[in-house]
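Enquirer: predicted model and sequence follow; I will ask about them next.
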Amino acid sequence: MTDAEFKKALKFSILKMNIIGVLITSLGLFSFWMLTTDDPEALKNTNLAGEIVLWLITIFTLALGPCVIYLNIKHAFEIKREKHPLLNAITNQDQHYVLWFYLSRIAIKNGEIYQVVIYSNDKRRLPIQPGSSKYKHILSYLRKKFPNAMEGNTKENAERYKNFKKQM
């Protein structure tokens, strides 16, 4: 994997997360519409507890969705302005920027979702959601660019990273 391919994978991951943010926000807007509509049929079969749960879901999704969108647009602008700290570390050959990275697999009905999680020395958590065929290339790329970084989601690595954060 080249630097340009890694940058492309990072941009694709940001795009996917923006789409998820839009879907979460849409769910919130739809549930808000259901709660505030004058249509008596909208919540006809809902008791008070159900309505409270729907309000909680509405508030949660209307808070979470825009946050997801904002953070990913912020990352996209950092990339566009060439101020993204991970990409700058790669460009400047700063092998100490990434402290820890690992692969996270989430099982779903039709397969698995892969996420490469990167923790940096400035206390950032940078998740990348590559396609199922690209995660191996990203892990190999990170091993090459950041040979001093801890790899793998183990208790020992989590403890070492936690101790590092306390020292800063």
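Expert: Looks like it came in fine. Numbering: from 1, shown residues only.
Enquirer: which residue is nearest the centroid of this structure?
Expert: In the chain, the C-alpha closest to the average C-alpha coordinate belongs to residue 127, at a distance of 4.7 Å (CA atoms, centre = their mean).
Enquirer: what residues are up against that one?
Expert: Counting by CB atoms under 8 Å, 6 or more residues apart in numbering, residue 127 makes contact with 13, 115-118. Glycine gets a C-beta too; all of them are placed from N, C-alpha and C.
Enquirer: columns distance to residue 75, pLDDT and secondary structure on top of the residues you listed, output as JSON lines?
Expert: Listed next are the contacts of residue 127 as JSON lines, based on distance: CB to CB, whole Å; pLDDT from 0 to 100; DSSP: H, G, I helix; E, B strand; the rest coil:
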{"residue": "13", "distance to residue 75": "9", "pLDDT": "90", "secondary structure": "helix"}
{"residue": "115", "distance to residue 75": "15", "pLDDT": "91", "secondary structure": "strand"}
{"residue": "116", "distance to residue 75": "15", "pLDDT": "93", "secondary structure": "strand"}
{"residue": "117", "distance to residue 75": "15", "pLDDT": "94", "secondary structure": "strand"}
{"residue": "118", "distance to residue 75": "12", "pLDDT": "95", "secondary structure": "strand"}
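Enquirer: what segments of this protein are helices?
Expert: 3-36, 48-80, 85-91, 135-145, 155-167 (DSSP state H).
Enquirer: coming back round to it: what is the nearest of the contacts of residue 127 to residue 88?
Expert: Nearest to residue 88, judged by CB to CB, of these is residue 118 at 13.8 Å.
Enquirer: where does the protein dip in pLDDT?
Expert: Under the criterion pLDDT under 70, the flagged ranges of the chain are 39-40, 42-43.
Enquirer: domain parsing of it, as residue ranges.
Expert: 3-83, 95-167 (automatic domain parsing).
Enquirer: so which of these gets nearest residue 89?
Expert: domain 95-167 (3.4 Å).
Enquirer: mind listing the residues bridging to the residue nearest to the centre of the chain?
Expert: Listed by DSSP bridges, the beta-bridge partners for residue 127 are residue 117.
Enquirer: apart from its chain neighbours, what residue comes closest to residue 125?
Expert: Once its chain neighbours are removed from consideration, residue 125 has its nearest residue in residue 119; the separation is 5.8 Å (CB to CB, 6 or more residues apart in numbering).
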